[in-house]
Every structure is written in structure tokens, then in C-alpha cells.
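K.L.:
Sequence first, predicted coordinates after that:
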Amino acid sequence: MELAAMKTHTEKAPRSRMHGIKLAALVLGSSLVLAGCAGNPPSEQYAVTQSAVNSAISAGGTEFAPVEMKAAQDKLKEAEFAMHDEEYEKARRLAEQAEWDARLAERKAQAAKAEQALQDARQGVQELREEGMRNAQ
């Protein structure tokens, strides 16, 4: 009986140690990856964000979604300052937020333009109906 208990105890120990080693390796690897990312300027994200802001402006974001556009432009400017100060994680986070604000502004502008086109089309149909009614009389 004692031998069976001993076997069970000794079999579990290597498994637990191996699990602990794997976990430690995972934590160490993750830390190295995060440390590597923190030391590099988010130039690619900044470029993507700048492109998104320009797209939103072209789509009419400043007219149809001024709050979102201002937020995107302000966060992009803050990201630029953070990059200058070598606060790369903050810069990356702000650039991502600015990108999403810009994309939202672009979608809102597109939706507003689509709504306006729909209203114009309805007005055109109404005018054609009225003209058809006048001609029929």
C-alpha cells in the first residue's frame, strides 16, 4: 500500500515540475515579446492611423462627424507627442484609438451621404409623380 502511494506521489511530481517550467517559459517569453514591442516606435500604426484620418476627411468626416474627427485628430496629435517623448506604448494605444475614431467618422459621413442621396431620390420620385398627375389632367 505504501509503495502504491509513493508511486502516485512520485509520478505527479515530475508532471507538476514540467508544468511549472512550461509556465515559467511562457511568462518569460511573453515578457520578452512585450519588452521588445515597448522599445520600438509604432511607426506602422501611426501611418495606418494617418491614412484613416485622411480617408475620413476625404469622406466628409469633418462635416458629418465633427466630434469623431476632432477626437481622431487630437489623439493622433497626442500619439505624435508620445512618440517624440519615446513613450511608445502610449503612442501605439493613442494611434489605435485615433484610427478607430477616424473609421467611425468615415462611416458616419458615408451613412449621412447615403441618407441624403435617399432623400434626394425620394424627392425626385415625388416630383415625377406630381408632374405625371399634372400631365394626366
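P.N.:
Nice, thanks for sending it over. Keep in mind that what you see is a predicted model, and the values were worked out from it rather than measured. Residues are numbered from 1 along each chain as shown.
K.L.:
Now do the contacts for residue 110.
P.N.:
By Cβ atoms under 8 Å, 6 or more residues apart in numbering, the residues touching residue 110 are residue 59. (Glycine included, C-beta is placed from N, CA and C.)
K.L.:
redo that, cut-off 10 Å
P.N.:
56, 59, 60, 61, 64, 65 (Cβ atoms under 10 Å, 6 or more residues apart in numbering).
K.L.:
pLDDT wise, what is the fourth one at?
P.N.:
So the one you mean is residue 61. As predicted, residue 61 sits at a pLDDT of 95.
K.L.:
Name the helix or strand for the residue nearest to it when sequence neighbours are not counted, please.
P.N.:
Computed as Cβ to Cβ, 6 or more residues apart in numbering, the closest residue to residue 61 that is not its neighbour in sequence is residue 105, at 3.6 Å. Taking DSSP states H and E as the criterion, residue 105 maps to helix 88-136.
K.L.:
next one: that helix to chain centre, how far?
P.N.:
21 Å (Cα atoms, centre = their mean, to the nearest Å).
K.L.:
again with stretch 57-69
P.N.:
Remark: stretch 57-69 is offset 18 Å from the chain centroid, using Cα atoms, centre = their mean.
K.L.:
next one: stretch 51-63
P.N.:
With Cα atoms, centre = their mean, you get 16 Å for stretch 51-63.
K.L.:
if I pick the one residue sitting closest to the centre of the chain, what's in contact with it?
P.N.:
The centroid of the chain falls nearest to residue 100 when counting by Cα atoms, centre = their mean (4.6 Å). Residue 100 sits next to 49, 52, 68, 71, 72, 75 when contact means Cβ under 10 Å, 6+ apart.
K.L.:
what about it, distance to residue 85?
P.N.:
Relative to residue 85, residue 100 is positioned 23 Å away (Cβ to Cβ, to the nearest Å).
K.L.:
And residue 105, by the same measure?
P.N.:
27 Å.
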